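my questions concern the predicted model and sequence given below.
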Amino acid sequence: MVWLDAAALDATTGVKVTPLAKETSSWDGKPIVYPAGTAEMTVLRIEIAPGAQTGWHCHLVPNFAYMLEGTLELVLDDGRRKRLNAGDVLSEVVNRSHNGRNVGSAPVKLVVFYTGAAGIPLSVKEKACLHE
């Protein structure tokens with residue numbers, strides 16, 4: 001896989017670039033659309049204990065996760081499931097109810113990058129989702 005936008009960095013001595021993801025849609029197949037307004041990027045490191053879950057919620061802005069440790073199972077409102085392990089990358093669903101649960105015996109640790117707009121919440125409980 002060759003990405004021209006990373007080539008300049010990779011050609012520098014002592015720098016190695018490893019592409020992780022380049023997506024135009026989230027894992028449920030819907031196109032990624034950025035919200036209008038003043039751009040605001042938020043990065044969170046999230047830890048989920050073994051057996052714990054996020055609770056049903058949805059994101060109002062596009063976000064992308066990188067799994068550092070553990071095993072996380074995501075379930076969509078239609079029953080589809082996706083399992084993530086350390087090193088996996090996810091283009092998360094937007095305006096779609098889902099739940100994440102640590103199905104392993106060690107903590108799940110992930111970094112999530114939210115590409116939102118000022119004043120728009122990153123996540124809301126399921127009842128506040130903007131269902132399309």
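Nice, I can see it.

for the protein, what spans make up the strands?
39-48, 57-59, 63-69, 71-76, 81-85, 89-91, 98-102, 108-117, 123-125 (DSSP state E).

for Ser25, which of the ones you listed is the nearest?
Nearest to Ser25 among the strands of the chain is strand 89-91 (6.9 Å), distances taken as CB to CB. Heads up, the C-betas are built off the backbone N, CA and C, glycines and all.

okay, now the unreliable bits of the chain?
1-11, 130-132 (pLDDT under 70).

switch to 90 and redo it
The model of the chain has pLDDT under 90 over residues 1-19, 126-132.

circling back to that earlier point, with mean neighbour count and distance to Thr18 added, can I get the strands of the chain in TSV?
TSV is the format used below for these (neighbours: other CB atoms under 10 Å; distance: least, CB to CB, whole Å):
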stretch	mean neighbour count	distance to Thr18
strand 39-48	12	19
strand 57-59	20	26
strand 63-69	18	12
strand 71-76	18	21
strand 81-85	14	17
strand 89-91	18	11
strand 98-102	20	25
strand 108-117	18	15
strand 123-125	15	28
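
make CSV out of the ones you listed and add distance to Gly14.
Converted to CSV, the strands of the chain look like this (distance: least, CB to CB, whole Å):
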stretch, distance to Gly14
strand 39-48, 25
strand 57-59, 37
strand 63-69, 23
strand 71-76, 33
strand 81-85, 29
strand 89-91, 24
strand 98-102, 37
strand 108-117, 24
strand 123-125, 38
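
ok, which of the ones you listed comes nearest Thr24?
Nearest to Thr24 among the strands of the chain is strand 89-91 (8.8 Å), distances taken as CB to CB.

which strands or helices does that closest one pack on?
Applying 3 or more CB pairs under 8 Å, 6 or more residues apart in numbering; DSSP states H and E, one finds that strand 89-91 makes contact with strand 63-69.
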